[in-house]
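Q: I would like to see how this sequence folds:
(chains A and B)
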Amino acid sequence: MTDLTNIRVRFAPSPTGYLHIGGLRTALFNYLFARHNNGKFILRIEDTDQQRKVEGAVENLIKTLKSIGLEYDEGPEIGGEYGPYFQSQRLDIYKKYIEQLLSQGDAYYAFETAEEIEEMRKLQIEQGAAQAMYDRSARNLTKEQVEEKIKQGIPYVIRLKVPQNSEVSFNDLIRGTVTIDTNLVDDQVLMKSDGYPTYHFANVIDDHLMQITHVIRGEEWLTSVPKHILLYKALGWEASLMAHVPLILNPDRTKLSKRQGDVATEDFLRKGYLPDALVNFIALLGWNPGEGENKEIFSLEELVKLFTIERVQTSGAVFNLEKLNWMNAEYIKNYDMNKLAELAFPIMENAGFDITDREKVKRVVFAVRTYINKLDEIPVQAERYYKSNIELNEMQKEMLSSDSSKRVFESLSNKLNGFNVITTESFKPLLNEVQKETGIKGKNLFMPVRLALTGEEHGPELGLVAYVLGKDEVERRIKMFLNM
RNA sequence: GGCGCAUUGGUGUAAUUGGUUAACACGCCGCCCUCUCAAGGCGGAAAGUACGGGUUCGAUCCCCGUAUGCGCUACCA
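A: Residues are numbered from 1 along each chain as shown, chains lettered A, B, ... in the order given. Here you go, the predicted model:
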């Protein structure tokens, strides 16, 4: 029996460049499941495709996982008892087990080239076959024929001998029992001609050797489970428990793709989605805490506490950017100011702002946080606090040169003398005094000040604006219009 | 085409072992707050649970069929 007191799960991406948001959710579910059950979360790199290898992809993957906050217990860089955690470094292990399968007669050599297979498929489809697949002809090769071909140096693959006229059935933790007819299962290639294993083979060997108790992965793997079950059986092993999570979809319900927006976790982070918000949002795509739970904002810790595999949904979930934006805005509004500022500095700098006055940047972030959905919107909002010239249209100029505006500026300017530092709280009473002194109130009081300070008719409350600009700058801008 | 999986408002989801005016959130609309814009508060429209059959006193929930969608069908993962 699988040892359920010692739960081990893995996230096993192939390093093809970036961390797909669907992959991130798979990683998250694995992580939550592991932490919830006091188990181990393992990162394994499935780099068996030499063609698709991308330079730096692994480093990027690890970095992204880290910035999201999903720490793994075993894997690249940190090691562990069951390494190596790169499949490309486990070739001798696969070789050993493929030998076993070969000698047991559960696998066999096949010498067709990729082109020949392609041709075979085409022909089958033309002839109206229900399903095109390898014709299993190499099963009939004699031992002598095989040895002869190998001696001649003809390239070969090793295929799984799928039993015919049978059924494979397994229990998916999310979907229940799934049954598939083995006549529809191809004699899958286990070892490619370049000596690397295929996913199907390596995955089974590694999951067993690494003592993975639960395989939690995307739905796209569901129909290949029989191949894996057959392998476990042939090797005399017990299969891991399986859970296939639903896909994340585009608004048109096709599989989430690049064409319809961002799919790379890195892109979301770069645009200023907070890691916590991303995690929160994605956790709720295909999972929910169930009855009696109305809130939607959950920290990673809370998710760990609440997460169970049984509550994972069975159908695909559309990635709703609007809701992500709302959730991210919620996080931005309530986030720790220091942490928020840290995230904002590089964004401001990249946008061309001078960030040497970090305190000012912080004040800016504080002022704009209720206005933005994501951090890359800060620069646009920050503009008004950094411009040295106020540009106005004719109507606005007229308003500022009016008699009442002048009186407001004059009064305000005088009152400002008594101040060293303007705070959000102290500016409002100041304007009240101006109102008392001049008798000007409402729009006629506030709008001139707003225009003078920002050049805009809309924006945050004036106390906030004044606080961010600082006393000197407020004074400078007011005087500028007083003397206009 | 074959096989597999799925199907509750536009979207994400809820609904104790079949009995609810089918709940919550995003979005949308309106009102309030207010110098403005956001934020916030309050309220509203929006599904009778894909469709058609069963089973049952009663079905979103169980069974069958159809439709639709998605996935798989590689010496890719």
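Q: by contact count, what packs against the lowest-mean-pLDDT helix or strand in chain A?
A: Counting by mean pLDDT, DSSP states H and E, the weakest-scoring helix or strand in chain A turns out to be helix A:394-400, with a mean of 81. Contacting helix A:394-400 under the criterion 3 or more CB pairs under 8 Å, 6 or more residues apart in numbering; DSSP states H and E are the following elements: helix A:443-454. In short, each C-beta sits where N, CA and C put it, glycine included.
Q: touching RNA strand B at all, the helix it packs on?
A: Yes. If you take CB under 7 Å from any atom of the strand as the test, helix A:443-454 does meet RNA strand B, through A:443, A:445, A:446, A:447, A:450.
Q: List buried residues within those residues.
A: A:445, A:446, A:447, A:450 (16 or more other CB atoms under 10 Å).
Q: ok, which pair from those is furthest apart?
A: Distances among these were taken as CB to CB; the most separated pair is A:445 and A:450, at 9.8 Å.
Q: that older thread, RNA strand B: which of the buried ones among the residues of helix A:443-454 next to RNA strand B is nearest?
A: Nearest to RNA strand B among those: residue A:446, at 3.3 Å, using CB to the nearest atom of the strand.
Q: Tell me which residues touch the closest one, please.
A: Neighbour list for residue A:446: A:431, A:462 [criterion: CB atoms under 8 Å, 6 or more residues apart in numbering].
Q: so how far is residue A:29 from it?
A: 51 Å (CB to CB, to the nearest Å).
Q: Output the set of residues of the stretch 101-250 of chain A in proximity to RNA strand B.
A: Within the stretch 101-250 of chain A, the positions lying close to RNA strand B (CB under 7 Å from any atom of the strand) are A:112-114, A:117, A:121, A:130-134, A:155, A:157, A:175-181, A:184, A:186, A:188-189, A:192-194, A:196, A:198-199, A:219-224, A:246-247, A:249.
Q: Please pick the buried ones from those.
A: Taking 16+ other CB under 10 Å as the criterion, what is buried in these is A:112, A:117, A:121, A:132-134, A:157, A:178, A:180, A:188-189, A:192, A:196, A:198-199, A:219, A:221-222, A:224, A:246-247, A:249.
Q: Among the residues you listed, which ones are in helices?
A: Secondary structure defined by DSSP state H assigns A:117, A:121, A:199 of these to helices.
Q: wait, what's in contact with the last one?
A: Contact criterion CB under 8 Å, 6+ apart gives A:14, A:46, A:48 as the residues in contact with residue A:199.
Q: tell me, which of those residues make contact with RNA strand B?
A: A:14, A:46, A:48.
Q: what sits against the nearest residue to the second one once chain neighbours are set aside?
A: Read it as residue A:46. In space, and not counting its chain neighbours, residue A:46 is closest to residue A:14: 4.4 Å by CB to CB, 6 or more residues apart in numbering. Residue A:14 makes contact with A:45, A:46, A:47, A:48, A:49, A:52, A:199, according to CB under 8 Å, 6+ apart.
Q: of all the residues in the stretch 251-400 of chain A, which ones are close to RNA strand B?
A: Of all the residues in the stretch 251-400 of chain A, those lying near RNA strand B are A:251-255, A:284-288, A:290-291, A:294, A:296, A:311, A:313-318, A:320, A:322-323, A:325-326, A:329-330, A:333, A:370-371, going by CB under 7 Å from any atom of the strand.
Q: and with 6 Å instead?
A: A:253-255, A:284-286, A:288, A:290-291, A:294, A:296, A:313-318, A:320, A:322-323, A:326, A:333, A:370-371 (CB under 6 Å from any atom of the strand).
Q: Now which of those would you call buried?
A: Buried among these by 16+ other CB under 10 Å: A:284, A:285, A:286, A:316, A:317.
Q: and the fourth one, how far is that from residue A:142?
A: If I follow you right, that is residue A:316. From residue A:316 to residue A:142 the distance is 48 Å (CB to CB).
Q: Run through chain A and note the low-pLDDT ranges.
A: A:1-4 (pLDDT under 70).
Q: Go again with 80.
A: For chain A, the stretches with pLDDT under 80 are A:1-4, A:128, A:130, A:259-261, A:291-293, A:388-390, A:392-394, A:397, A:417-422, A:482-484.
Q: Going along the chain, name the strands of it.
A: Secondary structure of chain A (DSSP state E): strands at A:8-11, A:40-43, A:107-110, A:157-160, A:167-172, A:176-181, A:189-191, A:214-218, A:241-245, A:248-249, A:317-318.
Q: Give me the contact list for the fourth one.
A: Pointing back at strand A:157-160 there. Under the criterion CB under 8 Å, 6+ apart, residues A:98, A:101-102, A:106-110, A:134, A:138, A:187-193, A:200-201, A:227, A:230-231 lie in contact with strand A:157-160.
Q: Type out the ChimeraX command that picks the buried ones from those.
A: Listed next is the ChimeraX selection for buried residues among those, using 16+ other CB under 10 Å:
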select /A:98,101,102,106,107,108,109,110,134,138,187,188,189,190,191,192,200,201,227,230,231
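Q: List the beta-bridge partners for residue A:168.
A: residue A:180 (DSSP bridges).
Q: My guess is it contacts residue A:231. True?
A: No. Here residue A:168 lies out of contact with residue A:231, judged by CB atoms under 8 Å, at a distance of 11.0 Å.
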